[in-house]
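> Next input, structure requested:
(one chain, ligands or ions: 1)
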Amino acid sequence: MGLMASNSFGKILTITTWGESHGPAIGVVIDGCPAGLPLTVEVIDRALAKRAPGRHALTSPRREADRAQILSGVFEGYTTGTPITIAIANTDANSNAYLPIKDILRPGHANYSYLQKYGIYDWRGGGRASARETACRVAAGAVAQLILDCCGITAIAYLQQVGSVTTTPSHDLQLLRSSIDNSALFCPNIDDEMAIASAIAEAKECGDSIGGVVAFITSPLPVGLGDPIYEKLEARMAYAMMGLPASKGFEIGEGFAVASMRGSAHNDSFSCSSNGKPAMTTNHSGGTLGGISNGMPLYGRVAFKPAASIKIPQATTTLTGNATTLEMAENFRHDPCVAVRAVPVVEAMVTLVLADALLMQCSSNLKKHTESKHARHTIDATHQY
Ligand SMILES: Cc1cc2nc3c(=O)[nH]c(=O)nc-3n(C[C@H](O)[C@H](O)[C@H](O)COP(=O)(O)O)c2cc1C
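As a prediction, this is how the structure comes out:
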């Protein structure tokens, strides 16, 4: 019998998520959050609204209110340093839609491996394998952002690619933030957003799904986040991202493109900035050296596979091994492109990893590290990436 004991994430700032897609509620327990941070339900609800389904005709039509309830860890609007428990009710689950397929193996989904491992599977909405769980990560990310606010760190994720359509973002983080906040598909460029919407719509009309890439970028980080060797900052990011449902690839900096580069092109040179401090002139590495943040923005990408749920009939078997065809009902609710709704989730995971790394770096003296916007050893960083 298997043990499902891997529902927690983080070292000092830890999160433990709980709940299934069609259970009464889902939620998260956040431990290790410093006291005194201003936290309200509204802060969490604002973050949840970005991830919620039904935001756009090209995302799942499931309509969840996604209202957070803070059950512990906050008093008079401030964190108390004790575990923060957040519950989110499931209000729009339609388990009946899953009845006709409950005894069928779903290609690309998790029921086969869950069943083999545990001998039992909550088929309602994919149970624990449903991306509904990622709402908990987004709620926790909103709390983690309060920690990053102490150091003026921001993290932004955006939709960079769907199918073969790509987009190039502004290098100005404020512009990037506002363009994404104004885009229902989290796309930084309105023209590209239309091309991306067409690509998703075309796949959807065919009864199919389509893959995509979510990119992330942070403001220049304080030098020193991340620990060699097994806890390198990019290793923690990779771990966080590859733990997301449907993620199939992770890159930091130039990523796989380094394979076709030369050292002379890839090395980030140092130069003296106007204030006499060393500064890097490029950021091919993606913001880390030796697994430790180097004062530059951290940036990378996560590739998401096309959603397993498609309307095109698929050859498969029943749970007992009889050949059959999986046909999703016309009203079956799913995301034709999971990368869209993964954007706020990737952003939350970046935030959680950085907040945890920050606490690891300065837990002995948080005050010292938060007095200035940047940590003591921060060097000047250009915004090139
Ligand atoms: C935000 C988000 C929404 C998702 N929505 C769907 C969906 O509607 N249908 C589906 O088949 N998979 C969806 N997924 C992916 C499945 O949860 C995932 O593929 C499944 O749990 C199997 O895990 P794996 O792809 O990591 O192997 C979504 C993933 C994310 C991140």
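> Sketch out the low-pLDDT regions of the stretch 251-385 of the chain for me.
For the stretch 251-385 of the chain, the stretches with pLDDT under 70 are 363-385.
> List, one by one, the residues from it near the ligand.
Residues of the stretch 251-385 of the chain lying close to the ligand (Cβ under 6 Å from any ligand atom) are 305, 307-309, 334-335, 338, 341-342, 345. C-beta coordinates here come from the backbone N, C-alpha and C atoms, glycine included.
> I'd like those laid out as TSV, including neighbour count and secondary structure.
Compiled in TSV, these are given as follows (neighbours: other Cβ atoms under 10 Å; DSSP: H, G, I helix; E, B strand; the rest coil):
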residue	neighbour count	secondary structure
K305	17	coil
A307	24	coil
A308	20	coil
S309	21	coil
H334	20	coil
D335	24	coil
V338	28	helix
R341	26	helix
A342	28	helix
V345	27	helix
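> doesn't A97 fall inside a strand?
No: under DSSP: H, G, I helix; E, B strand; the rest coil, A97 falls outside any strand and is assigned helix.
> Please identify the helix or strand for T324.
For T324, the element it lies in under DSSP states H and E is strand 323-326.
> most centrally placed residue in this structure?
In the chain, the residue lying closest to the centroid (Cα atoms, centre = their mean) is V346, at 1.8 Å.
> tell me the secondary structure for that one?
For V346, the secondary structure call by three-state DSSP comes out as helix.
> Tell me the bridge partners for V74.
On the basis of DSSP bridges, V74 is bridged to T79.
> my guess is it meets P83, correct?
No: if you go by Cβ atoms under 8 Å, V74 and P83 don't touch, sitting 10.6 Å apart.
> Neighbour count for those two, which is higher?
V74 (21 against 15; other Cβ atoms under 10 Å).
> List the contacts of the more buried one.
The neighbourhood of V74, defined by Cβ atoms under 8 Å, 6 or more residues apart in numbering, consists of 39, 80, 84.
> Please report how far the residue nearest to the last one when sequence neighbours are not counted lies from I156.
Think I84. Sequence neighbours aside, G73 is the residue nearest to I84 in space, at 3.2 Å (criterion: Cβ to Cβ, 6 or more residues apart in numbering). Separation of G73 from I156 (Cβ to Cβ, to the nearest Å) stands at 27 Å.
> Ok, G108 next?
For G108 relative to I156 (Cβ to Cβ), the value is 29 Å.
> Looking at those two, which is more packed in?
Taking other Cβ under 10 Å, G108 and I156 do not tie; I156 has more neighbours (25 against 14).
> The stretch 201-350 of the chain: strands as residue ranges?
Applying DSSP state E, counting those that start in this stretch to the stretch 201-350 of the chain gives strands spanning 212-218, 247-252, 270-272, 278-280, 288-289, 292-293, 299-304, 314-317, 323-326.
> Save those strands as JSON lines, and put in mean neighbour count too.
JSON lines is the format used below for the strands of the stretch 201-350 of the chain (neighbours: other Cβ atoms under 10 Å):
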{"stretch": "strand 212-218", "mean neighbour count": "24"}
{"stretch": "strand 247-252", "mean neighbour count": "18"}
{"stretch": "strand 270-272", "mean neighbour count": "10"}
{"stretch": "strand 278-280", "mean neighbour count": "17"}
{"stretch": "strand 288-289", "mean neighbour count": "20"}
{"stretch": "strand 292-293", "mean neighbour count": "23"}
{"stretch": "strand 299-304", "mean neighbour count": "24"}
{"stretch": "strand 314-317", "mean neighbour count": "14"}
{"stretch": "strand 323-326", "mean neighbour count": "13"}
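> Quick one: mean pLDDT over stretch 200-218.
Mean pLDDT, computed over stretch 200-218, is 97.
> measure it end to end?
27 Å (Cα to Cα, to the nearest Å).
> How far does that stretch sit from its chain's centre?
Averaged C-alpha coordinates place stretch 200-218 at 16 Å from its chain's average position (Cα atoms, centre = their mean, to the nearest Å).
> Same question for stretch 59-72.
Averaging C-alpha positions (Cα atoms, centre = their mean) puts stretch 59-72 17 Å from its chain's average.
> Contacts for that stretch, please.
Contacts with stretch 59-72, where a contact means Cβ under 8 Å, 6+ apart, come from 27, 39, 41, 44-45, 48-49, 51-54, 82-92, 94, 135, 139, 333-337, 340-341.
> Which positions within that stretch qualify as buried?
Buried residues in stretch 59-72, counted by 16 or more other Cβ atoms under 10 Å: 59-60, 62, 64, 66, 68, 70.
> Keep only these that also lie close to the ligand.
Contacts with the ligand within those, counted by Cβ under 6 Å from any ligand atom: S60.
> Please tabulate the buried residues of stretch 59-72 in TSV and include secondary structure, distance to G224 and pLDDT as additional columns.
Shown next, in TSV, are the buried residues of stretch 59-72 (DSSP: H, G, I helix; E, B strand; the rest coil; distance: Cβ to Cβ, whole Å; pLDDT from 0 to 100):
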residue	secondary structure	distance to G224	pLDDT
T59	coil	39	85
S60	coil	40	85
R62	coil	42	76
E64	coil	39	81
D66	coil	36	90
A68	strand	33	97
I70	strand	32	98
